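Engineer: quick one, fold the following:
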Amino acid sequence: MQRKFTLLFSFLLLGSLAGIAQSSSFENATASANPGLLELNDDSWAFYADEENDVYYIDFESLSVNLSDISVRRKDGEVIFREDVFELPVNTIYEIDFKQFGSGQYDIELRSFTGVIRRSVSIR
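Structural biologist: This next block holds a predicted model:
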């Protein structure tokens, strides 16, 4: 029962963040610009940003691939966070809290078995 409530609350929260997500500071990486990367268009609703609280959400159901892991890298390439997500349900909304990493430039990498989706974020 609590799990259903948590999932419902997450969807309601993400609905209220939709306006914030459109003004997100994510930069897209596309397959044409960098071979081996999966394409994620500007109008994709897979990423949501709560920039006020430095929290980013990834909606697995909006992605056209099954993810194997998620990692966060500093701009110098150092991996500061990595988690296997292959066994998570396809309707998962994954949360990354950047407060623990501090301010700076980061890349979120969503890895599947066929490629990588990268998004750059700037935390102030």
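Engineer: V121 touches S103, doesn't it?
Structural biologist: No - when contacts are counted by Cβ atoms under 8 Å, V121 is not listed as touching S103 (11.0 Å). For the C-beta atoms, the positions are set from N, CA and C on the backbone; glycine is no exception.
Engineer: which of those two has more neighbours?
Structural biologist: For V121 versus S103, the count of surrounding residues by other Cβ atoms under 10 Å is larger for V121: 22 against 11.
Engineer: is that one in a bridge, and if so with what?
Structural biologist: Beta-bridge pairing of V121 under DSSP bridges involves Y106.
Engineer: pLDDT score assigned to it?
Structural biologist: Reading off the confidence values, V121 has pLDDT 92.
Engineer: pull up the gap between it and V55, please.
Structural biologist: V121 sits at a distance of 11 Å from V55 (criterion: Cβ to Cβ, to the nearest Å).
Engineer: swap in P89?
Structural biologist: 20 Å.
Engineer: then I108?
Structural biologist: Distance of I108 to V55, given as Cβ to Cβ: 12 Å.
Engineer: related to what we said a few turns ago, touching both of V121 and V55, which residues are there?
Structural biologist: Both V121 and V55 are contacted by 49, 98, under the criterion Cβ atoms under 8 Å, 6 or more residues apart in numbering.
Engineer: what about the strands in this protein?
Structural biologist: The residue ranges that make up the strands of the chain, judged by DSSP state E, are 27-28, 47-50, 55-59, 67-74, 79-84, 93-97, 104-112, 116-123.
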